[in-house]
Each structure stands twice: as C-alpha cells, then as structure tokens.
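Trainee: for reference, the sequence and a predicted model appear below.
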Amino acid sequence: MSQYGTVAFDEYGRPFIIVRDQDQKSRLKGVDAIKSHILAAKCVAQTVRTSLGPNGLDKMMVSPDGEVTITNDGATILDKMDVSHQIAKLMVELSKSQDNEIGDGTTGVVVFAGALLEQAEELIDRGIHPIRIIDGYESAMRVTLDRLDEISEEFVVDPKNTENLVQVAMTTLGSKIVNKCHRQFAEIAVGAVMSVADFDRRDVDFELIKVECKEGGRIGDSELIKGVLIDKDMSHPQMPKEINNAKIAILTCPFEPPKPKTKHKLDVTDVEDYKKLQAYEKEKFHEMIRQVKDSGANLAICQWGFDDEANHLLLQADMPAVRWVGGPEIELIAIATGGRIVPRFSELTPEKLGTAKKVRELSFGTTKEHMLVIEGCANTKAVTIFLRGGNKMICEEAKRSIHDALCVVRNLVRDNRVVYGGGACEIACSIAVSDAADKCASIEQYAMRSFSQALETTPLALAENSGLSPIETLTGVRARQVNENNPFLGIDCFLNDQPDMKKQHVIETLMGKKQQISLATQLVRMILKINDVRSPGESQ
C-alpha cells in the first residue's frame, strides 16, 4: 500500500487513503476535459484547412536539424509537425490511417473531424450529453453513407481506354506541386497501375511499381519506364553502354575464390606457394566467368561486389557486369526479366537466365552519375516511374503526389464507383442528413443537424481557399442542388462558370469518401467519450 499512498483515519475512526504525489499531477474532468480535447483537435484541423483543394496553400516545415519540407499533403504536414497533446496526436494518427488505407483525402478527413468536434462543443454548451451527441452522429453517418451510395456512379475501368482513370488521377493531382503537368503525371500513374493490375483479383501489387527520383531536371522530364531502372552503372568504364537482346545472369554469389569455412589460418612461407595461391585464385575466376559464359549470358548482375582483378578478367572475357545491386532490385529484375536468382555458379543454366530487349546506361548532365535501364522485359508486370525535379524538395513532393495518384487509380480497380468532388457530394449528404434530422423525434436531431453543418465545412474551405465568398457561394450551390435536384453541383474553384462537377471532370472515389466519413466519425466518438484525464505535472 505504501507505494501508492498511506492510510489515515478521521476523527470518527473511519479510514481513508492519501494517494502519493497528487500535488505533482494535473487532472481534468467532465466538460473541461472534453473542451480541452476539442480545442486541441480544432487547432490541428485549422492548420491543414488552408491547404485543402486545388487552390490550397503549401506549408513549410523545418526539422530540428534544419531539413526543409514544403508540401500541402495533409498526412505529411501532420507527420512532420511536433505535436505533444494526446488528442492532437490522435488527429495525426487519423490522417495516417486514411493515407495507409486510401492514399488520398488525408487533409479532408482531419478538417471534417475538426468540424464535427467544433459542432459538438456548441451542443455540449447547450446541455446535451456527449453520449446523445455520439448517437446522433452515428445516425447521421449512416444516412450520409447511404446517400453517397445513391449518388455514386459506376466507372468503366478499361485497360484499353484509360481516359476515365486519367480524369480521376488529375483530380487528385490538382492540388499538388506538380499540377503544371498534372495530365502527364496522371497518365504515368494510370499507365503504371494498368501494367501491373490483376483484374481477376481486382487488386494492384505496389511492389511491382518502383519509383526512382533524380535531381537536376524539369518535372516535365519525368517518365514511365516499362522495365526496371537501377541506380548503378557497369562495373568497368570500358564495358559496353548498351546491350541488345540481353540474356541476364542474376547472381547472389560473389566473384571471388571460395573461402574455407574453418577458423584455421594459412601461412605462406615461400614465393612458390604464393604464386600457386595466386594461380589458384586466377583459375577460379576464369572458371566462374566460363560458367557464366557457357550458360549463354551476355550480362551478369551481381548482388555482391568483386575486386579489380575479377573486374579486369570480366572485361577481357567480354562479359559486362553490374555489381552491388540491392536485394529488392534483384527481385524486381528477376520478376521483370523472367529469370531465376542463382545462389551458386554451378547451378547456372540457360533456363535460369532473364531476357530483355535492351539494357542501356543513362547519363545525366555534366555529372558522372549513371543509371541502368532494363527495357523490353519478358514480363511487363514490373514498371519504374522515373521522376525528375529541380531540387530534393520538389523530387520528394513529386514522389508523394504520384503515390496519391497511384492509390486512387488502385482504389478504382478495387471498386469502380465514384462520386463527384468540389464539395458536391458533401453538400448533397448535408441536405439528406438535414432532412433526416427533421424526421427524428428524439434529442439526437440536434446532433444530426450539427453533423449536416460539419459536412459543409469542406465546400466552405474550398470556396475560401479559392478567394470566393464562402457563405454566399455555399448557399447558392446548396439552393441550386435542392431546386434542380442535381447532386453533382459543387464549388467552382477554377472560376469556369460551371458548377457541375460531372462536366468539369472533378471525380473522387466512393471508397475514399466513405472512408473519410467513417474514420472521422469514429475518432470523434472516441474523443467525446473521454471525460477524465490524469497526467504528470510539469515538475515530472
């Protein structure tokens, strides 16, 4: 008992416990605890709200060691932020969950969760119990998900006609730094996914899509390579820079003489013994190269390195070689070329060789940097997206942008239903929830109306970030949706005098939108149920 506190008695002899170190701990209870949590979540949501939509602003994060990141990707912003409050950390985790599951909508999910909590604060001030608010939010969420199913449309996912998919990917890339050439990036993302997609299982294996960045070029120089790109060059500068009809030996054994697997050491006492050892090593090198040549290979890709003597002998034997190729790259080369990874020279046979129409070396600018491209592979289900950018920051942001686009196209392969963006589906759901609230007889109707208002936060933020009058624009679009019974009307962020998002081709995946609503509501439910917080004080 002494480790937790001491037992004392009052004047009537009744025992009570004095808990230790209570003066060094802080405690929040009841409404104060809930309001503290809501305030923390609102601060996080306000931070990313201005980066929502195609006209959203970028954020610059500077790490403690001075590394600068410029992005408007919600998950990246929150990940790089130094957050100490526990509820704020939950908002960061929410954004990561959306990024891991869907890949897009990471900003929207945090903004929506913040709006739900802001509305809940007003209801708590009016004396409504948090549990009744949660029940109302749950009912409103079900109405929202049903309405999303109603207004969704099926999209044709056809590998031969990918224009539809390109339009969806362009919507995702519209708010990114690469939006100057976002059609090119959308086509790269769609081409990559279509190359590796398994339409029987309705899934995409991202392991087969490799993304490589190289600083120094324009973003417009980025391309999709139907093959494998590795950041290596030929082991000897005099080896050929281009090999046609390549037959590739993929080796995980080093070009070096076998070492005895014992702890004994070998003492060489005279010159004759040393020369014999040297001749033995040279003979072993020749034997290894002969085994590779006899298999019919005209290119060796080795996971391990080899010394200058082996390199010289490979050049003499007209056997181009690449060394120090990483494990994941070796596996990707094996998948792409249809070859087998060989652990011993003695096991090398013509059947285990990979094939490619061309292997060529790329050089960049005035630098001495080189990369190898393996093209025309036997298996086309392995591709590389090669990104260029003026500096490291642009390359990293381009990598994040292409990841979002790849995820969205993958989601369409999994579930080909879409809704229309620009806040159109949020306004349509808001109207549906508001109508459902009028039919609800219990006190939950207040929470449902608050949910309806929270849904309008996204179109309000889009209008605000586009320089429009937020309330005037939203009320105008909402009235038109009701009068024309058209759920595709949204915020015209590009000022095209065309609020119909279907005609503007602003498209989002149904799966991503439903995930946003569900995840945000679940998190808000959890936060509202916390009414007591005990934490160590500042002195600890």
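Mentor: All right, it came through fine. Numbering: from 1, shown residues only.

Trainee: other SSEs contacting the host helix or strand of Leu332?
Mentor: Assigned by DSSP states H and E, Leu332 falls within helix 327-337. Counting contacts by 3 or more Cβ pairs under 8 Å, 6 or more residues apart in numbering; DSSP states H and E, helix 327-337 is packed against strand 227-230, strand 242-251, strand 341-342, strand 354-363, strand 370-377. For every residue, glycine as well, the C-beta is placed using N, CA and C.

Trainee: in a markdown table: those strands, plus mean neighbour count and mean pLDDT.
Mentor: A markdown table is the format used below for these (neighbours: other Cβ atoms under 10 Å; pLDDT from 0 to 100):
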| stretch | mean neighbour count | mean pLDDT |
| --- | --- | --- |
| strand 227-230 | 23 | 86 |
| strand 242-251 | 20 | 89 |
| strand 341-342 | 18 | 90 |
| strand 354-363 | 18 | 87 |
| strand 370-377 | 20 | 85 |
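
Trainee: please identify which of the ones you listed is closest to Trp304.
Mentor: With Cβ to Cβ, the closest approach to Trp304 among these belongs to strand 242-251: 8.0 Å.

Trainee: quick one, the closest one and helix 327-337 angle?
Mentor: Direction vectors for strand 242-251 and helix 327-337, defined by axes from the mean of the first three to the mean of the last three Cα atoms, to 10 degrees, enclose an angle of 120 degrees.

Trainee: what sits up against strand 242-251?
Mentor: Here strand 242-251 makes contact (Cβ atoms under 8 Å, 6 or more residues apart in numbering) with 292, 295-303, 320, 330, 333-334, 337, 339-342, 345, 348, 350, 352-361, 374.

Trainee: centre of the chain to that strand, how far?
Mentor: Strand 242-251 has its C-alpha centroid displaced from the chain centroid by 33 Å (Cα atoms, centre = their mean, to the nearest Å).

Trainee: do the same with stretch 500-509
Mentor: On the basis of Cα atoms, centre = their mean, stretch 500-509 sits 23 Å off its chain's mean C-alpha point.

Trainee: picking that back up, mind giving me TSV with the helices and strands packed on helix 327-337 and columns for distance to Thr162?
Mentor: Shown next, in TSV, are these (distance: least, Cβ to Cβ, whole Å):
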stretch	distance to Thr162
strand 227-230	20
strand 242-251	30
strand 341-342	33
strand 354-363	24
strand 370-377	21
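
Trainee: so which of those gets nearest Arg14?
Mentor: Ranking the helices and strands packed on helix 327-337 by proximity to Arg14 (Cβ to Cβ) places strand 341-342 first, at 76.7 Å.

Trainee: what's the mean pLDDT across the helix or strand harbouring Thr521?
Mentor: In this assignment (DSSP H and E), Thr521 forms part of helix 510-528. Average pLDDT, helix 510-528: 91.

Trainee: dump the C-alpha coordinates for it into CSV.
Mentor: C-alpha atoms of helix 510-528 as CSV (Å, rounded to 0.1, in the frame of the first residue of the first chain):
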residue,chain,number,x,y,z
LEU,A,510,-16.6,6.4,-53.5
MET,A,511,-14.3,4.2,-51.3
GLY,A,512,-12.1,7.1,-50.3
LYS,A,513,-15.0,9.4,-49.5
LYS,A,514,-16.8,6.7,-47.4
GLN,A,515,-13.6,6.0,-45.5
GLN,A,516,-13.2,9.7,-44.7
ILE,A,517,-16.6,10.0,-43.2
SER,A,518,-16.4,6.7,-41.2
LEU,A,519,-12.9,7.3,-39.8
ALA,A,520,-13.6,10.9,-38.8
THR,A,521,-16.9,9.9,-37.0
GLN,A,522,-15.2,7.0,-35.2
LEU,A,523,-12.4,9.3,-33.9
VAL,A,524,-14.9,12.0,-32.8
ARG,A,525,-16.9,9.3,-31.0
MET,A,526,-13.8,8.2,-29.1
ILE,A,527,-12.8,11.8,-28.2
LEU,A,528,-16.2,12.7,-26.9
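
Trainee: check which element follows that helix along the chain.
Mentor: Following helix 510-528 in sequence order, the next helix or strand is strand 532-536 (DSSP H and E).

Trainee: elements contacting that next one?
Mentor: Going by 3+ Cβ pairs under 8 Å, 6+ apart, strand 532-536 lies up against strand 25-29, helix 30-49.

Trainee: got a markdown table for these, with mean pLDDT and distance to Asn486 too?
Mentor: Below are the helices and strands packed on strand 532-536 laid out as a markdown table (pLDDT from 0 to 100; distance: least, Cβ to Cβ, whole Å):
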| stretch | mean pLDDT | distance to Asn486 |
| --- | --- | --- |
| strand 25-29 | 69 | 47 |
| helix 30-49 | 87 | 27 |
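
Trainee: could I get these as a markdown table with mean neighbour count?
Mentor: Formatted as a markdown table, those follow (neighbours: other Cβ atoms under 10 Å):
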| stretch | mean neighbour count |
| --- | --- |
| strand 25-29 | 13 |
| helix 30-49 | 19 |
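
Trainee: want to throw the ones you listed into JSON lines with distance to Arg534?
Mentor: What follows is these, written out as JSON lines (distance: least, Cβ to Cβ, whole Å):
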{"stretch": "strand 25-29", "distance to Arg534": "5"}
{"stretch": "helix 30-49", "distance to Arg534": "10"}
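
Trainee: select, out of these, the one closest to Ala192.
Mentor: The nearest among those, by Cβ to Cβ, is helix 30-49 at 27.9 Å.

Trainee: got the angle between the closest one and helix 510-528?
Mentor: 150 degrees.

Trainee: and the angle for the helix holding Leu332 with strand 370-377?
Mentor: With the same axes, to 10 degrees defining the directions, helix 327-337 sits at 30 degrees from strand 370-377.

Trainee: tell me which residues in helix 327-337 are buried?
Mentor: 329-330, 332-337 (16 or more other Cβ atoms under 10 Å).

Trainee: repeat that for stretch 187-197.
Mentor: When burial is assessed from 16+ other Cβ under 10 Å, stretch 187-197 yields the following buried residues: 187-197.

Trainee: among the residues you listed, which lie within strands?
Mentor: Taking DSSP state E, the ones among the buried residues of stretch 187-197 that sit in strands are Ala197.

Trainee: filter the buried residues of stretch 187-197 down to the ones in helices?
Mentor: 187-196 (DSSP state H).

Trainee: so where's the chain uncertain?
Mentor: Applying pLDDT under 70 to the chain flags the ranges 1-5, 19-27, 258-264, 365-367, 537-540.

Trainee: circling back to that earlier point, can I get the ones in helices among the buried residues of stretch 187-197 in a markdown table with distance to Gly136?
Mentor: Shown next, in a markdown table, are those (distance: Cβ to Cβ, whole Å):
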| residue | distance to Gly136 |
| --- | --- |
| Glu187 | 45 |
| Ile188 | 45 |
| Ala189 | 40 |
| Val190 | 41 |
| Gly191 | 46 |
| Ala192 | 43 |
| Val193 | 40 |
| Met194 | 44 |
| Ser195 | 47 |
| Val196 | 44 |
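
Trainee: which of those residues sits closest to Tyr280?
Mentor: Closest to Tyr280 out of those is Val196 (47.0 Å), distances taken as Cβ to Cβ.

Trainee: brilliant, that's me finished.
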